[in-house]
Every structure is written in structure tokens, then in C-alpha cells.
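Trainee: Would you be able to build a 3D model of this:
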Amino acid sequence: MFCPNCGSSIKEGSAFCGECGYRIANAAAPAPAPVQPVAPAPAPVPAPAAPVAAQPTAVLPQPPIVPAAAPAPAPAAPVPAPAPAAPVPPVAPAPAPGAPTVPPVPGAPAAAVPGVPGQPVPPAVNPVIRDLIAPASLKAMGAALGIGLAAALVLSLLGSIVFMSAGSSSGSSPISSQMNQLFGQLDAVGNKPNFIQMLFFLMVVGVGGQVQVSGTAGSSFGGGTQSVEGTIWFMVGLPGVALLLGVAFGAYMIARGNALKFKWTGLISSVLVSLVTGLLYIILSAIFAIHMNTGIGDVASISMTSTGVSFRTFLMAFLLSLIGAFAGYALAQYAPDSNNVFSSFRCWMRRSRGWMHTAAESAFVYTVVAVVLALITLIWMSVQGKDGSLIGMLPVLFPLFPIALTVIGSFGSLTVYSGNYDQAINVFNMNMWQMWIVFVIMLVVALYLGLREAARNTYDPTFGGWANCWKSPLASAVIWLLLSFAFVPFGTESSSSSTQGIKVAEWFFLVAAVWAFLIELIALVLGPTIIASAPGLWGLLRGGCVEQTPQEVVDYVNASGAHFLAKYGNTVPAGAGAGAAVVANAAAAPVAAGAVPPVPGAPAVPAAQTGQPGAPGATTNYAIAAAPAAAAAVPGVPGAVAAKPMTAQQKRLIVIIAAVVAAFAALGITYAVLSNTVFSAQSAASGYINAIAAGQFSKASEQADPQLGKAQRALLVDAASNGDNVRISNPRVSKTEDQADGSVKATVTYTLDGKEKNDTITIQSNGSKFLLFKDWKITTPLVKYLTVNVPESVDTVTVNGVSVTKDNAREGSDDTSWTLAVYPGTYKLGIAKSKYMTAKEVTLRTADSDGGDSGVGTLEVEPTTALQNEIETQVKAKLDACAQSKEREPEGCPFSFYGSSDDYRNFVWTISEYPTIGAISLDSGSFTTESSGEVKLTYDYKNYKDKWEPESDTNSFSVYGGFTIEGDKVSVELSD
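Mentor: Have a look, this model is predicted:
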């Protein structure tokens, strides 16, 4: 038996609890020994126990029914109430009359009895703190922590063995080849991780932790040192699952054996165990961090450090152990009549009611189905790839692989992302017919679960009905939110690259809720009819019914105060299950020969149910009870089945089912039409080519990234489409082809300059739109290139009125040949208006995949008289500056004097005639003179007598040089 105050286990017949001292109300008071042996004393009057209110078995409300006429059962004989005892102090039994009172022993303190005035009361201790620091509680926390870590360590050990041995695999699968490549790289590392480091590394990976990676690389040629930092976060693996189950096992084992309370001892203990687990993971990650370094000959050295010390590692270890400890303590409280936590979970699940039973059973069944499908898939892949190492990769691939199958097979999606690019993986773009089999299996499982819930509602209808159909979908959505955002994502991020990874689509929790509601819909709409029409299914479905909770478990939970909102009661009300019993009996025992079957339209349950154990006189409003007898036998013809007209309820049910089927069919047709028209790849291609034809170049660039820099997009704007007859016309998508990688290749046709041209673009699915349709993105934009040859002196070219410079040209262009990115069309090229140059307009058309126009042209630019005059003016100014020089070889000037520097002095230059500018080349940006100039030089000459004499010379000279034009400014440089 258990103490009703603290829940501790006590011996049968004890008067007080040994843990808290609470007086047991139903314990019989001991009879005192008679003092006078000569005359028998009257029987002692026991002290009356505190009256305890009787706790009736909780009777859950039944659906409204119309009771059939039945003989009233004979009332049970009333139990006479005991006469009230005389008030006696509840300290000890009253002594017999005439017996002498035994005096207290001197000096001995009187026993302190709670509630007796005048007795000393010991200092009060918070019962939560007392229970929390009790040896049994500390032992339970230690067992949960130790067994959980040991289980995670064992699975990590298995994973490290598989990981180390996978590098020597000779399989041909992608996983084996990647493992061989990885180990080939590790062989070149100087101090690669040892077995212990790999063991604890896999422990961190197994709980879905985050690994911080930092590395440096240095060169022996003085190139400096480069550093990189990154993070890798993992999905939960088998070591994490082992941690959760191990903590639950240890907590249940000790908490059950020592009757520990779940409220509040178990709750607080769960948090403490989880905190310690998270801290231990951080400490072990810091101690066993991986340090590796290697060198590339004498050229460079590389070092790397990897550690699992991160907040995510702590958080994931905390969450997994918290869930495990919470489950262990809770099951020890609410299902303590099992030997281990696994059978206890089964008992709790079968005794739970309503949405909780549906959610738990659905999660369990779908988990089993997903694991079996994943194992079958791995075996099939191993056989196909002739690679047995895939089976050994279970610690790495589970539970991600079953979760991925569940998500994809349920019309969900996995998202592979890299930077701004997302790739959805779902049943529509995988091109694997096997995934449709998985989808069908998911539907069959949903039907099975819905029928089990229908059977459960027949047995326990309290929580059935439309008023409660939202609870299980809400629970499923919450569970998948936790899985999607905490336990499944995998990704990497570094300082030198974008974020990459894989995750469950953010909206899948809504899909999970829809599947849970589908189960509720089957249970409420189809289930009763199917069970009634096929009673032979009852043997498969009765396992979904609610089991009766043993009364001792109910008393234990209530005595422990483990209820939060209402007292814990029997899960099944008295009288529930009568309809289920009728179905079961009908399925088990056929109608005997000559027996009269039930009359159609009669009450579902007979007026007197004498053979229904546990439910005397119970009736139900479910027509399921009459299901075994579908029709009455025709008199005189044994075994013949008469036609039975449908009732109004059956007609309404058929109308509802037909309406639901029609609605689903209409939705399916609408979805198919929209998917193949508005939200199809062809629609995306059509919108793209129509935007180009309309001159909406900016919109087209939003629909398909041109994959160019900002400067190179100068002509991909709406202004570049201005002009007459410059755009394409008659655009259309002439053909689409599905590719092996899930993309679509579309052939677009349009008219340019009266000629029909064809081009090809590629479209890829990029996530979803409105959660239902594929979001198609164009990955190969329809960008063309024009190549224009321009003079070196030209810095700006106009294309359909848009000014561009060499900076807007494609990378790799030189000063005289620019390659410009444009959309298909006709383009008129010229130069900006200038007083120094003139050029004829050049018309270019983009080339297509079939050839034709080349898209290459040359701008013929001519200098103006103004340019010649400007060059001559600047040349004269530079010659005048040269004449001011006193040097015999003026720097940068076209004239000089040759002679010994010691024999000549006092040079004076005078320009007597300026040259005339002749040829001007805009291609090279140079000029030459048409006529020579003349310069006069006077100087002093040292004769043979070492005396200075004046002298003069006259020489002609030519001028050539270069020029540049920037807008209205000309710059001239003379060549030596």
C-alpha cells in the first residue's frame, strides 16, 4: 500500500507513514493488553480516524440516448452507516474502563502527534525540497544521467567503428566514394583525430550539436597567413535517441522503485538532470577537441581545430535529456505497473483517451512504418549498388532517413539551400515511382489509424465528435514544429562561403496537421460505417480501444497528488463499450440456425443486455451495435438475405461522403489544372519571354537573375527597349522537356526583324508558392551579347539611347572591343553628341541558337575640324613652353642641341614657324604634323683659345603625340 500524503510505499496495516508521519485513516487501532487478568476488560474503543470522503470512480458523461424499456434492476441493499463513535483524543486508543493509566516515563519526551495542542512541532521543511534531496531522488537523477550517457556512448562507439571502417569500403555508392575520399584526405594529415576524439565528436554530432571549425594556412614564400572560421550543425542521430531513451529508462527504474512523485520532484529532477547533461557535453567537447595540422612539402602549412563547444550543443543535449527524464518520471507516476519504461509507455498509451491517445498512437505507428521502410530502402540500395557498407551506416543515417521518407511520402518537402538558392525535394520532382508507393502506404496507415479511433470512440465516446477533432492535428503540428526547427536541420556556414544545408520545409507542420485531421475525418465519417458493414475487422481494430486503468494505479496517482487540473480517475466510464461488445460478439459468434436476427430499425442495443459483463443495462446511441445483423432472414429460406432500406442517417452519411469525395475531386482537378497552367514551368517561361517582348527588362531580370554584376546590367533596363522596331514580337513557348535532374528545358520562339528565332532556357523548381504549388525559377536567363569595336579615344557609346562605358562591358573586354549584355532585340549604337567626333549609327541584332545575326559591329568615328584646331592650339602652347627652356635638350620637346656640355652655354630657343597638324587617328588616339616647324637656337661657343663666342643655328622639327577625349575636354601629350 501507499501513503495518501506523500505516496511512499508502506507496509500493510501500518498506522503511520514512515516518510512523512501521516496517520493512515483506515488502519485498525491496536487493542491494549488487559491490566487486570482476573476480570476481562471491555473491548477498547479505538480512536476514530479522520473521516475520509469516499472517492467514487469517475463516471465520464455518455452521449444522450433514448433508453429502451427494460426491467428495473433490484436495488442493492443499503449499507448501514456506522454509529458515530464518542469523541476521543486521536493520540492513542482509550484504555479499558477500570484499567490503570500507565504514567509516562520520567524524562522521556512525549511523542509529538500532529494536530494535538500543547505538543512541540518540529520546524517545517518544504516537502518539495525534502523529496528532492532525499537519497532515492538523488539516486534516480544519477541513474538517469549515467544510463543516458552510457547509452549515447555505446551508440557513438558503434558509429565510430562504422565510421573508421567505412573508409576502407570498396562499394560503388556515392556514400562509400565520399567516405573513401574523406579518409584519403585524412591520411595526409599529420596528427589526425584518434579514436577517443572521434568517439566524443560523434556524441556531439549525435545529439544534433554544433561544431565550431577554425583553421589557418601559411605560406613559406612570405604570402602571409590566411584564416577561416565556420560552423556545422547536425541533425539528431542515434546517439541522441539513445541518450533520450537511456535517461527515460534510468529515471523510470529508480522513480518507480522508490515511489517518487512526478509533481514536483520529477519535474525539477528532469531539469537538473538536463542541465548537468548539457554541461557534461560542453566539458567533454572542450577536453576532446580535435586539432589537426599538415603541410604541403616545404611550401605551406595548414592547421585546423574542431570543437563542439557551442550553445546549440548544450541546448540539444538539454532538450533530449529533458524529454527523456520527463517521460521517465511521468510514466513512473502514471503507469507504475510495468517492469520497464517501454512497456510502461505502451500501458500509458493504451489507457490514455481522446486526442492524447490518437496523437501518441499515430506517432508510434508512423515511426514504426517509417523505420521499416527506411530499412527496406537501405537494403534495396545496398543490393542495387553492391555495397554492404550502407547497412553499417545506420548510426549516421538514422533517424534522418525515416524522417525524410515520412516527409516526402506525405506530400511534404525537404529543402536543400545554398546561399540564396533553394532546391525542394519532394515526390513531384524526384522522378522515383517508389515514393508514390510510400505515399500510398501513408494513406493506408492513416485509414488504419482512423478506423482504430472509430473503434475507440465506440468504446469510449466521451472525447469523440467534431468538438474535439482539432486537438490531435494541433498536437501533430506542435510535434513537427519541434522536429523541423530543432532536431532535423543540418547545415554549414563559414566566413568564406554562404550558408548551406538541408532542412524540412518550414510549412510541413501544416501538412502534418492535415494528415492528423484526415485521421479524425476517417474516424468520424467513414469509420462507423466501415466497422458496421465489416464486423470481421473488429479483431484488427479492438487494440485501439482504451484499456481500463487498474484501480490501484488510480489510487496511487490520486494519493500522490499527481493531478494538475482534476483528480485522476478510471479512463473508461462504467457502461462504456457496450456497443463494442455487441460488435465483438457478433464478429465472434455467427447467427445460429433457426435464430431470429435483429429486426431492421430496432434499437441499436437490446433492452436487456444480460450477457454484457461490466456494462449491465448499458445502451449506446451508435448504430454500430446492430451492425453484425445487416439484414433479417427471410422466413422459410435459411441464409437468405432480405433487402434493407437505408435509414435517414445512412442516407445523410452517403450524401456527406459523396460531397467530401466530390470536394476532394474538385480540389484535385483544380490543383492539377493550376499546377499545369498558372503555376507550371511553361507559365514561368511564358511570363519571362512576354516581359522581354513588352520591353519590361527590369521585370524580366527579377524573374530570372542575369547572373551579372551591377555594372554589366546597364542595358538590362526598360530604357534600353525604347525605339522603333527594336523589340521582339510574337513570343511563345513552343516546347518543354523534363530533364533527369528535375528541371525543365523550354524552347521559346519569337520574331526579330521579320525572322522567326528560337532560344532555349532552363527552369528549376525553387521551393513552393502558396504552400501547394511549385515555384519555378529560370536558371539560364535569356541574356545575349553584342560586341562593338570602338576607337580607343571613345569613352562613351550610346545603345538605344542608353550611355555605356567600358566599365559596363563584359569582363575580358579590351579598350577597343566591348562586349555588352542585352536581351534579345535590335540595338542602335552610336556615340554621345560631341564637337570633336562624329560617327554613323550602327544597327545590331542579337544572335540566336540557330545562327543568323552575329551581333558584332564597328563604330566608324571621324574627327571634326574642332578637334584638329584644339590639338594645334595645345601643341603651340606646349612648343612655347619648350622654347622657355635654357637647356640644350628640353625635356618632352621635339627639338634639342647635340654637343659637349663643356663647350656650349647660354641656350636660347625661339620658335620661328609652328608645324601644321595633319593626320589624326581616333583608333589609336594619336596625331602627326603635316608640315614641319622651325626653331632658332642662340648660344655661346668656346673657341680653341678657350674664349666664348656667340653662335646661332636654325633647325626644322616635326611633332607627333597622343590625345584623349573625355566629354568636351581634350588632353594632348607630345612624344619625345
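Trainee: Direction included, what does the longest strand along the chain pair against?
Mentor: Counting residues, the longest strand found in the chain (DSSP state E) is strand 755-769. If you go by DSSP bridges, strand 755-769 pairs up with strand 744-752 (antiparallel), strand 773-778 (antiparallel).
Trainee: buried stuff in it?
Mentor: K757, D759, I761, T762, I763, Q764, S765, N766, G767, S768 (16 or more other C-beta atoms under 10 Å). Where C-beta positions appear, they are placed from N, C-alpha and C, glycine not excepted.
Trainee: With stretch 932-950 instead?
Mentor: Across stretch 932-950, burial judged by 16+ other C-beta under 10 Å covers S932, G933, V935, L937, Y939.
Trainee: Specify which member of the residues you listed is nearest to T462.
Mentor: G933 (115.8 Å; C-beta to C-beta).
Trainee: The closest one and K757, how far apart?
Mentor: Computed with C-beta to C-beta, to the nearest Å, the distance linking G933 and K757 is 58 Å.
Trainee: which residues of the stretch 551-700 of the chain score low on pLDDT?
Mentor: For the stretch 551-700 of the chain, applying pLDDT under 70 flags the ranges 565-646, 650-651, 655, 658, 661-662, 665-666, 668-677.
Trainee: any weak-confidence spans in the stretch 51-200 of the chain?
Mentor: Regions of the stretch 51-200 of the chain meeting the criterion pLDDT under 70 cover residues 51-124, 162-192.
Trainee: try 90 this time
Mentor: 51-133, 155-200 (pLDDT under 90).
Trainee: Would you give the sheet partners of the helix or strand S803 falls within, along with the direction of each?
Mentor: Using DSSP states H and E, the secondary-structure element containing S803 is strand 802-804. Applying DSSP bridges, strand 802-804 is found paired with strand 797-799 (antiparallel).
Trainee: part of a strand, is F963?
Mentor: Yes. Per DSSP: H, G, I helix; E, B strand; the rest coil, F963 lies within a strand segment.
Trainee: If it is in a bridge, with which residues?
Mentor: Bridge pairing for F963 - DSSP bridges - gives V972.
Trainee: what about it, how many residues close to it?
Mentor: Residues lying near F963 (other C-beta atoms under 10 Å) number 22.
Trainee: what do you get for P915?
Mentor: There are 23 residues near P915, going by other C-beta under 10 Å.
Trainee: Could you tell me how far the closest residue to Y960 other than its chain neighbours is located from I920?
Mentor: The shortest distance from Y960 to any non-neighbouring residue, by C-beta to C-beta, 6 or more residues apart in numbering, is to T928 (4.3 Å). T928 sits 8 Å away from I920, going by C-beta to C-beta.
Trainee: more crowded one of the two?
Mentor: Taking other C-beta under 10 Å, T928 and I920 do not tie; I920 has more neighbours (19 against 15).
Trainee: Test my guess that the more buried one contacts A866.
Mentor: No. Assessed by C-beta atoms under 8 Å, I920 is found out of contact with A866, at 11.3 Å.
Trainee: quick one on the thing from earlier: output the strands paired with strand 755-769 as TSV; include the columns mean pLDDT, distance to L149 and mean neighbour count.
Mentor: TSV is the format used below for the strands paired with strand 755-769 (pLDDT from 0 to 100; distance: least, C-beta to C-beta, whole Å; neighbours: other C-beta atoms under 10 Å):
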stretch	mean pLDDT	distance to L149	mean neighbour count
strand 744-752	89	51	20
strand 773-778	84	45	20
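Trainee: wait, doesn't L397 sit right on T377?
Mentor: No. Using C-beta under 8 Å, L397 makes no contact with T377, being 9.9 Å away.
Trainee: in the stretch 151-300 of the chain, which spans are strands?
Mentor: 210-219, 225-233, 290-296, 300-307 (DSSP state E, counting those that start in this stretch).
Trainee: lowest-confidence stretch among those?
Mentor: Here the lowest mean pLDDT among the strands of the stretch 151-300 of the chain goes to strand 290-296, at a mean of 65.
Trainee: what sits against S813?
Mentor: Shown in contact with S813 (C-beta atoms under 8 Å, 6 or more residues apart in numbering): K806, T819.
Trainee: ok, now how distant is it from V790?
Mentor: Plainly put, S813 is 10 Å away from V790 if you go by C-beta to C-beta.
Trainee: One more: T216?
Mentor: Distance from T216 to V790, by C-beta to C-beta: 47 Å.
Trainee: More neighbours: the two, which one.
Mentor: Neighbour totals were compared for T216 and V790, and V790 leads with 24 against 15 (other C-beta under 10 Å).
Trainee: Might one say that the more buried one is in contact with E860?
Mentor: No. At 10.1 Å, V790 does not count as touching E860 under the criterion of C-beta under 8 Å.
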